[in-house]
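# Dropping the sequence and predicted coords here.
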Amino acid sequence: RESLDGYREAVADESGANFTSLMSTGGLLLGMKKYEEAEPYYRKALTRVRREFGNDHPQTLRVLNVLGVLMGHLGKEDEASRYFREAAESRPRFEGLVNDRALIAMRNLGVVEDENQNFAKAEELFQRALRGSRRTRGDDHADTIDLVYTLACCLRRQEKWAEAERYPVSYTHLTLPTKR
């Protein structure tokens, strides 16, 4: 509680609030499930990072992803989709970390589309993210394996059984949708 109060004091004065303090305060509130209170901190952080670094900086992609997750928690799926889409479709100047953030955003946007039963769009996003993850991380990386599982689930929800079988899932403890 003291940490949160200290962060709130630090960012109360707009001129003294830096990106890190905005993200830290938002993160504390997000962790406490105080989503409505976290939202203005993340919005200010996005404004600040865009002004200082531009739209395709790794930190901008980070904030877009967090805002997408936050909007999902608040039940604002359209806004969540918009943030994930912007992060997924960005043309980053930097390699490595940014590519990871873009892949995460692509996967998150796929989840939103899947939850809204836009299965074809979700499938496309999962496949793009999977190709990128395999290329940059390899087949044995945990995020790649997660994408294989996520894509297989999406295909099974569409009853594309044969296609789903092309994606072997190594999560033996998880249950996939099955034929009825």
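On my side now, so go ahead. Numbers count the residues shown, from 1 in each chain.

# Can you pull out the low-pLDDT segments for the chain?
Where the chain drops to pLDDT under 70, the residues are 1-17, 91-99, 169-180.

# tell me the secondary structure for Gly138?
In three-state terms, and counting by DSSP: H, G, I helix; E, B strand; the rest coil, Gly138 is coil.

# Over to it: give its phi and psi.
phi 100, psi 160 (degrees, to the nearest 10).

# Please identify which helix or strand holds the closest residue to it other than its chain neighbours.
Once flanking residues are discounted, Gly138 sits nearest to Thr144: 6.6 Å by CB to CB, 6 or more residues apart in numbering. Quick note: C-beta positions are derived from backbone N, CA and C, even for glycine. Assigned by DSSP states H and E, Thr144 belongs to helix 142-157.

# Next, the buried residues of stretch 119-130.
Neighbour-count burial for stretch 119-130, counted by 16 or more other CB atoms under 10 Å, picks out Phe119, Lys121, Ala122, Glu123, Leu125, Phe126, Gln127, Arg128, Ala129, Leu130.

# Save the residues you listed as JSON lines, and put in secondary structure too.
Listed next are the buried residues of stretch 119-130 as JSON lines, based on three-state DSSP:
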{"residue": "Phe119", "secondary structure": "helix"}
{"residue": "Lys121", "secondary structure": "helix"}
{"residue": "Ala122", "secondary structure": "helix"}
{"residue": "Glu123", "secondary structure": "helix"}
{"residue": "Leu125", "secondary structure": "helix"}
{"residue": "Phe126", "secondary structure": "helix"}
{"residue": "Gln127", "secondary structure": "helix"}
{"residue": "Arg128", "secondary structure": "helix"}
{"residue": "Ala129", "secondary structure": "helix"}
{"residue": "Leu130", "secondary structure": "helix"}
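
# No more questions from me, cheers.
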